[in-house]
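> 3D model of this:
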Amino acid sequence: MTADSHALAPAESGVMGGLAHEVRRGISNPILGMILFITSEVMFFAGLFAAYFSTRANFVDANGVKEWPPREFANILNPFSLILVATVILILSSVTCQMAIRAIRKDDRRGFLRNIGVTFVLGITFLLLQAYDYSLLFGEGLKMGSGPFGTTYFTLTGFHGAHVFGGVIMLGVILYRGMSGQFSSRHHDAVEAASLYWHFVDVVWIILFSILYFL
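The predicted structure follows:
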């Protein structure tokens, strides 16, 4: 029995070690938390989109005309304008964000900092362009109180802009921590989590842009 127990001990320890290794390879808490948060945000934006399509389907102007967007705003929303530049910038920021992920996975800290810094700047640029686009729309007479169309337009784009702002803050924290040398190829879960959020914000904008400007 003693010999058998000694013979089994290494095997058992090997199994336990393998199990521990498998546990360590599982999804980390920061990434899991971000996935759950993004799931809740998907439901949030799904509710906004549902409200938009419901308002659009039931809209009739004062003259009884069923037209969306309303005639007075039909020529204001031009997809091939400043907002298209902002869209391209946001898509490009997703590319640089992924390049930062690839760099830190290879322990290329310089490449990581360069790409996450560019992503941070592109995110700020998008917000500035959106704010300027708002000022142009205001000048054309499209405001939050401009009927159901104005309300739904600024609600959708405004909430998305708030999410971009939150993402920019997140990227700023990641950039600061990266400059402090807190990330490496073995420890960068926070970077992965932030990138998931940023890609989500990008995808939401592509859907939003397509719906508001092309459908």
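> where in the protein is pLDDT low?
Residues of the chain that meet the criterion pLDDT under 70 lie in 1-26.
> which helix is the longest one in it?
Ranked by number of residues, the top helix in the chain under DSSP state H is helix 147-179.
> if we go by neighbour counts, what in it is buried?
Going by neighbour count (16 or more other Cβ atoms under 10 Å), the buried part of helix 147-179 is 147-154, 156-157, 159-161, 163-165, 167-168, 170-171, 174-175, 178. Heads up, the C-betas are built off the backbone N, CA and C, glycines and all.
> what of stretch 91-105?
In stretch 91-105, counting by 16+ other Cβ under 10 Å, buried: 92-94, 96-97, 99-101, 103-104.
> now stretch 60-68: how far from the chain's centre is it?
35 Å (Cα atoms, centre = their mean, to the nearest Å).
> stretch 110-126 now?
Distance, centroid of stretch 110-126 to centroid of chain: 14 Å (Cα atoms, centre = their mean).
> now it - C-alpha only, CSV.
Written as CSV, here are the backbone C-alpha positions of stretch 110-126 (Å, rounded to 0.1, in the frame of the first residue of the first chain):
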residue,chain,number,x,y,z
ARG,A,110,7.1,50.9,-27.6
GLY,A,111,4.7,49.7,-30.3
PHE,A,112,2.0,49.3,-27.7
LEU,A,113,2.3,52.8,-26.4
ARG,A,114,2.5,54.3,-29.9
ASN,A,115,-0.6,52.6,-31.1
ILE,A,116,-2.7,53.1,-27.9
GLY,A,117,-1.6,56.7,-27.9
VAL,A,118,-2.8,57.1,-31.5
THR,A,119,-6.1,55.4,-30.6
PHE,A,120,-6.5,57.8,-27.7
VAL,A,121,-6.0,60.8,-30.0
LEU,A,122,-8.3,59.5,-32.7
GLY,A,123,-11.0,59.0,-30.1
ILE,A,124,-10.7,62.6,-29.0
THR,A,125,-10.7,63.7,-32.6
PHE,A,126,-14.0,61.9,-33.2
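> which other residues reach that stretch?
Stretch 110-126 is contacted by residues 86, 89-90, 92-93, 96-97, 99-100, 103-104, 164, 167-168, 171-172, 174-175, 178-179, 183, 191, 198 when judged by Cβ atoms under 8 Å, 6 or more residues apart in numbering.
> go through it and flag the buried ones.
By 16+ other Cβ under 10 Å, the buried positions in stretch 110-126 come out as 112-113, 115-126.
> tabulate those residues (JSON lines), appending distance to residue 143 and secondary structure.
Shown next, in JSON lines, are the buried residues of stretch 110-126 (distance: Cβ to Cβ, whole Å; DSSP: H, G, I helix; E, B strand; the rest coil):
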{"residue": "112", "distance to residue 143": "42", "secondary structure": "helix"}
{"residue": "113", "distance to residue 143": "41", "secondary structure": "helix"}
{"residue": "115", "distance to residue 143": "38", "secondary structure": "helix"}
{"residue": "116", "distance to residue 143": "36", "secondary structure": "helix"}
{"residue": "117", "distance to residue 143": "36", "secondary structure": "helix"}
{"residue": "118", "distance to residue 143": "34", "secondary structure": "helix"}
{"residue": "119", "distance to residue 143": "32", "secondary structure": "helix"}
{"residue": "120", "distance to residue 143": "31", "secondary structure": "helix"}
{"residue": "121", "distance to residue 143": "30", "secondary structure": "helix"}
{"residue": "122", "distance to residue 143": "28", "secondary structure": "helix"}
{"residue": "123", "distance to residue 143": "26", "secondary structure": "helix"}
{"residue": "124", "distance to residue 143": "25", "secondary structure": "helix"}
{"residue": "125", "distance to residue 143": "24", "secondary structure": "helix"}
{"residue": "126", "distance to residue 143": "22", "secondary structure": "helix"}
